[in-house]
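The following comprises the amino acid sequence and a computationally predicted model.
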Amino acid sequence: MSRRSKSREVALQMLYQQDLNPDMDYHTVRDLIRAQLHDEELYEFAWFLFVGVMEHRTEIDARIEAIAQNWSLKRMAPTDRNVLRIGAFEMLHMRTPARVVIDEALELAKRFGSAQSSQFVNGILDRLIPDKARLPAESPPLPAAEPPPTPASPSELPPDAIRESDSAPEDEDDDDL
């Protein structure tokens, strides 16, 4: 598990708590994060994820519901819902590469969700990847450019293509051939 994975895990736990206990205040959340993460950098990242998701929750939830056809957020398992929120926040508001976001979300879904959670999370987050972040599909290599055919004689060139400098110099020794 990477260092930031632990921060994501703690942020997920706090979002889950907030989801089930909406009256829980931010000071309590911050204290709970601090109790689990003693490294300042990890604490800051978990807190940033939590606050970021909460600040953008309306937008994130709308995007998730638009993509999750026939699934309202209320019908989703709380763990899946919050894994998706973290992934969507990172993908839309941070510079974390989409592949990293999805891999981290899948690990959280496998660890804390049901047997189908990782497939569900993968499908939703994959459709949330902004177009500019998608890698272009592998395209077949272009054929090597062929040089234009060389005319056999100057008479095959258009009249304006022949300049004096293009013509062969007169050789005084032509008679020797």
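Right, received. Where do you want to start? Residues are numbered from 1 along each chain as shown.

Point out where the protein drops to low pLDDT.
Scanning the chain for pLDDT under 70 picks out the ranges 1, 132-177.

I figured residue 79 was touching residue 12, is that so?
Yes: in this structure, residue 79 sits in contact with residue 12. The criterion is C-beta atoms under 8 Å, and the distance is 7.5 Å. (Glycine included, C-beta is placed from N, CA and C.)

Mind checking which of these two has more residues around it?
residue 12 (24 against 21; other C-beta atoms under 10 Å).

For the more buried one, what is the enclosing helix or strand?
Using DSSP states H and E, the secondary-structure element containing residue 12 is helix 3-20.

Return the set of buried residues in that helix.
4, 6-19 (16 or more other C-beta atoms under 10 Å).

Mutual contacts of residue 79 and residue 12, please.
residue 112 (C-beta atoms under 8 Å, 6 or more residues apart in numbering).

Residue 91 versus the residue nearest the centre of the chain, what's the distance?
In the chain, the centroid-proximal residue (C-alpha atoms, centre = their mean) is residue 98; its distance is 2.4 Å. The spacing between residue 98 and residue 91, counted by C-beta to C-beta, to the nearest Å, is 6 Å.
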